Every structure is written in C-alpha cells, then in structure tokens.
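>>> After the sequence you'll find the predicted model.
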Amino acid sequence: MFLINELLALKEDTSKEAIFHIDTPELRVIEAKTKHAVGFFNEIYFEDEEYQPFKYGIGCYFVIRNVPKQYDVIRISFKSKQFITRSNIRVTLPELRNLCHHFPQLYDVFEVQAKKEGILACVKYDHFTVEDLTKSMGNFYKHQTGRRSHQTAYIDMSKFKPWFDSLFGAGHMLPDKLQQAFVAAATKTSTSLALLHRDIMPRFDPMLVCELFLSVKGSGISYMGLEVDEVVKYLLKDKAAVMKLLDELLPDPGPHNTTISSDMSFNSAVNELISTGVDLSPYINDEKAVLIGAGAGADALKKMNIKVDDELATKVITRNPARIKEFESFSELNINKLKEKARVALLARAGKR
C-alpha cells in the first residue's frame, strides 16, 4: 500500500476511521469517516484548516492525483457542498464532472452520497432518473429565484448554463432517455423556458424541442426571455419538427368554419411566425397556404414569402369570400372570376345555414 504510514497513524481498526477506495500511483481516493480522520488528512494535505467537522459534518473525500513533481489534492464534502484544492481554490461542478469523466471509477465511489446530496455532477448519465433531476432542478430553481415554483420567475442563464453543463458536460446532444427525463423534470419545476435557450437547445432533439415549446406556449407561461426566432431556427434541422410546429400553431378548423379570419389565436400565431424572420415557405404546403390566406390575409402570405397565383387566390376566396378585396392588388389575377367564386361560395354557405 502506498499509504502505509497514514494507515499506521490511525487507530488499529482503520475501516472505522477511513476507507481507501482507490490506491494506485495515478489516483488515490480516501474517505475520512470520523473527525479524527478528517483532521488527520487535513493536516497531511492542507496547510490551512478550513474544513470544520463539527460545523460541516464528517464524510470527507480526499482525491489525490499524481501530477508531475507534486500531488494535486481535492477535498470533497458533498454534505457541505465544499470542493476545494490544496491551494484553497474552489472546484466548480463542471470541473468535478470532468474529473469523474477522466477517472470513471470515481462515479462508483461517489454516486450514492452525491445523489443523496443532489450533486449530480458525480453521477453517470445513464443513472439519472426523473426524480433525481426534478430534485436537482427544484433546488437550483429555489436557490436562484427564492421560490419553489413560479411560472413567470426569470431564470438567469449565466447561472443555469454552468449548472446544466455540470450535469451533462458541454457541447454534445444528450442520450434520448436522458433528454426525456430532463424535459419531464423541467416541466415539473417550471424551468422549461431555460431549455429553450439557444445555448441549451442543441443538446436536445428538434422534435423534443418543438414539443417543449408547444407545451410552454399552451401553458400560459410568460415568454420572459424566450427568443422564439432561435427556437424556430433550430427546428429547421428537422423537417418533421417544423411541420409539427405549423400543424399545432395553425390548425385547420374545418371546411365549414366561418370564423377563421376573426380567430385571434390563429392570427397571433401567424404574426408570431412572421416576426421571427425565418423563411418557412419551403415547409408550407398548398393546404396550409390556403389556411393562412383565408385566416390572416394576402399580406400575411406575402410576408411569409408564399407566392400568390390564380389557383391559390381562388382557393383562398372559396375558403373565405371576405378576402376578395385583398387580392385585387394582384394584377395578374382574374378578379372577375374570383368575385364570381366568392359570390357562389357565399350563396352556398348561406344555403347550408
């Protein structure tokens, strides 16, 4: 054993004082289980005594990495959320995640206590549960906002992103199971908006982002801080996600609906899509174009880069005769023909009442 002198300095039954989980030339991990052991290893590895067992409790881990010319030591206490180097520098949660990623055996040593204290940076991705994430996100939310739950509370992304990266690392898409678990937890803790930030969305599948966006929109949660244009741009990575967005935001009320042009939610959705500045015309089929023209008018079609020809105008007028005047500005159209279409449509509709 590399630490025979330390072992001899402890009481005879060392397992009650400390556990040497890993003891190799590259990495040593010691769990100090008593005040005596905590004080002992503090004296060995730390010049300044900052950890106070009577205040923070016992159960410290000392992680010793063999680096050139010296030992690099980190003192870890999950209960008091203290992660300190021998130079008295705090170790961030992303750094703790990177340490575990570099030495995967640390996950096995830390996981039980890390989960208990909500430090999921030391838990393997595939070991996360919805309950774990809900608890962790709830703690973050409460700490950041001072509330357990409030739909319009603002999430500070300068704090959320480092916290998120501490759980999952940075820059890569999460496994499917983990994506689903995280979204479920976010929904429970009113932090859904934070997942729709441009720096967080790329970690999730576009279809899941679409579903999350629609759930937020339908829940009445304030759009505080949400960049809708960034969400729509991200959905362009997946045609199916864009089509789902359009189908949900611009539903067809049925062939005999006469209130489409006065449907405020429909017109609001059209204006919201226009305001993003994202060209969605390649994803808008003829049926959806007719719906937009009948509901929001010719100007909306123009703003959405949808070309209006005689066939489309005829279908729009047939669907909503009240739009006839808006299409007189298109000189290439047969206005008289459209007016006749509108008259016939109105008579037919009146006959069905």
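All right, it came through fine.
>>> Quick check: chain neighbours aside, which residue is closest to Cys210?
In space, Cys210 comes closest to Ala241 once its chain neighbours are excluded; the distance is 4.3 Å by CB to CB, 6 or more residues apart in numbering. In short, each C-beta sits where N, CA and C put it, glycine included.
>>> Quick check, the one you found in contact with Phe213.
No - in this structure Ala241 lies outside contact range of Phe213 using CB atoms under 8 Å: 9.6 Å.
>>> Those two: which has the busier surroundings?
Phe213 (25 against 22; other CB atoms under 10 Å).
>>> so what pLDDT did the nearest residue to Val216 once chain neighbours are set aside get?
Excluding the flanking residues, the one nearest Val216 by CB to CB, 6+ apart is Ser192, at 5.0 Å. Reading off the confidence values, Ser192 has pLDDT 81.
>>> likewise the one 5 residues further on?
His197 carries a pLDDT value of 88.
>>> Model confidence score at the nearest residue to it once chain neighbours are set aside, please.
For His197, ignoring the flanking residues on the chain, the nearest one in space by CB to CB, 6+ apart is Met157 at 5.4 Å. At Met157, the model reports a pLDDT of 81.
>>> pretty sure Met157 contacts Leu193?
No - using CB under 8 Å, Met157 is not in contact with Leu193; the gap is 9.7 Å.
>>> More neighbours: these two, which one.
Here Met157 and Leu193 are set side by side on neighbour count (other CB under 10 Å), and the busier one is Leu193, at 24 against 16.
>>> which secondary structure element contains the more buried one?
Leu193 belongs to helix 192-195 when assigned by DSSP states H and E.
>>> tell me what that helix is packed against?
For helix 192-195, the packing partners by 3 or more CB pairs under 8 Å, 6 or more residues apart in numbering; DSSP states H and E come out as helix 157-168, helix 176-188, helix 206-219.
>>> can you do 10 Å?
Using 3 or more CB pairs under 10 Å, 6 or more residues apart in numbering; DSSP states H and E as the contact criterion, the elements in contact with helix 192-195 are helix 130-145, helix 157-168, helix 176-188, helix 206-219.
>>> could you check the angle helix 157-168 makes with the longest one?
Read it as helix 130-145. Here the directions of helix 130-145 and helix 157-168 differ by 160 degrees (axes from the mean of the first three to the mean of the last three CA atoms, to 10 degrees).
>>> Need the residues that contact helix 130-145.
Around helix 130-145, the neighbours that count as contacts under CB atoms under 10 Å, 6 or more residues apart in numbering are 114-115, 117-121, 123, 128-129, 147-150, 153-156, 159-160, 163-164, 166-167, 178, 180-191, 194.
>>> So what sits opposite the residue nearest to Ile84 when sequence neighbours are not counted in the bridge?
Sequence neighbours aside, Arg75 is the residue nearest to Ile84 in space, at 5.0 Å (criterion: CB to CB, 6+ apart). Beta-bridge partners of Arg75, counted by DSSP bridges, are Phe62, Ile84.
>>> ok, now which ones touch Arg75?
Under the criterion of CB under 10 Å, 6+ apart, the contact partners of Arg75 comprise 32, 38, 41-42, 45-46, 50-51, 60-63, 82-86, 88, 91.
>>> try Gln113
With contacts taken as CB under 10 Å, 6+ apart, Gln113 has the following neighbours: 31, 59, 61, 76-79, 119, 122.
>>> For PyMOL, what selects the buried ones among these?
Only the buried members of the contacts of Gln113 enter the following PyMOL selection, criterion being 16 or more other CB atoms under 10 Å:
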select buried, resi 31+59+61+76+77+78+119+122
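>>> Mind checking which of the contacts of Gln113 are in strands?
Counting by DSSP state E, these place 31, 61, 76-77 in strands.
>>> what's the most distant pair in those?
Glu31 and Ser77 (10.9 Å; CB to CB).
>>> Would you confirm that His102 contacts Val63?
No - using CB atoms under 10 Å as the test, His102 is too far from Val63 to be in contact (11.2 Å).
>>> hey, what's in contact with both of those two?
When contacts are counted by CB under 10 Å, 6+ apart, the set common to His102 and Val63 consists of Leu27.
>>> partner residues bridging Phe20?
Ile30.
>>> Give me the domain ranges for this structure.
Domain ranges of the chain: 1-91, 126-236, 250-353, per automatic domain parsing.
>>> among those domains, which is nearest Tyr107?
Of all those, the one in closest proximity to Tyr107, counting by CB to CB, is domain 126-236 (8.0 Å).
>>> quick one: the residue nearest to Cys210 from Gly297, how far?
Separation of Ala241 from Gly297 (CB to CB, to the nearest Å): 27 Å.
>>> what does Glu31 give?
70 Å.
>>> Okay, now the unreliable bits of the stretch 101-250 of the chain?
145-154, 218-225 (pLDDT under 70).
>>> so how many other residues sit close to Lys244?
17.
>>> pretty sure it is touching Cys210, no?
Yes - with contact defined as CB under 10 Å, Lys244 and Cys210 form a contacting pair (5.3 Å).
>>> Common neighbours of those two, please.
Common contacts of Lys244 and Cys210 (CB under 10 Å, 6+ apart): 235, 238.
>>> taking the contacts of Gln113 as a set, which two sit the farthest apart in space?
Within these, Glu31 and Ile119 form the most distant pair, 15.1 Å apart (CB to CB).
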